[in-house]
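In: How does the following fold in three dimensions:
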Amino acid sequence: QVRLVESGGGLVQAGGSLRLSCEASGNIFSINPMNWYRQAPGKQRELVASITSGDITNYADSVKGRFTISRDNAKNTVYLQMNSLKPEDTAVYYCKFRALPTRWGIWNDYWGQGTQVTVSS
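Out: Coordinates of the predicted model:
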């Protein structure tokens, strides 16, 4: 069983920074891609950033130039460095991995429990 645990959320003033982490544990042979999503109250969950095993990154237009996604394959961990935070970045942030538990297994999607990010104006 694959388990994702997020950390790093909190309350920050506008213009501040936070760094989120998401570590996977359990039976993992490969992870591709690693993603960060967010969901604000009353809104749909949206993709914020993704990173492939080849370190190809993709960002939502709303966070380009402010957020940076990175991964540590040895630790099965993905990070989201968030700078110049805005009140509209307030949301619950979730990591999602597409993982292969064993070499001969099946790719599945796994979600973290979410971490709250609140940006005050």
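In: Was I right to think A40 contacts A91?
Out: Yes: using C-beta atoms under 8 Å, A40 is in contact with A91, at 4.2 Å. Bear in mind the C-beta positions are built from the backbone N, C-alpha and C, glycine included.
In: Excluding residues flanking it in the chain, which one is nearest L11?
Out: Leaving aside its chain neighbours, L11 sits nearest to T118 (4.7 Å; criterion: C-beta to C-beta, 6 or more residues apart in numbering).
In: Wasn't E88 part of a strand?
Out: No: secondary structure of E88 (DSSP: H, G, I helix; E, B strand; the rest coil): helix, not part of a strand.
In: follow-up on the earlier one: A40 and A91: which has the busier surroundings?
Out: Set A40 next to A91 and count neighbours by other C-beta atoms under 10 Å: A91 wins out with 22 against 14.
In: List the contacts of the more buried one.
Out: A91 makes contact with R38, Q39, A40, K43, V117, according to C-beta atoms under 8 Å, 6 or more residues apart in numbering.
In: Tell me the gap between the helix or strand where the first one lies and the middle of its chain.
Out: By that I understand R38. Assessed by DSSP states H and E, R38 sits inside strand 30-39. Put simply, strand 30-39 sits 6 Å off its chain's centre (C-alpha atoms, centre = their mean, to the nearest Å).
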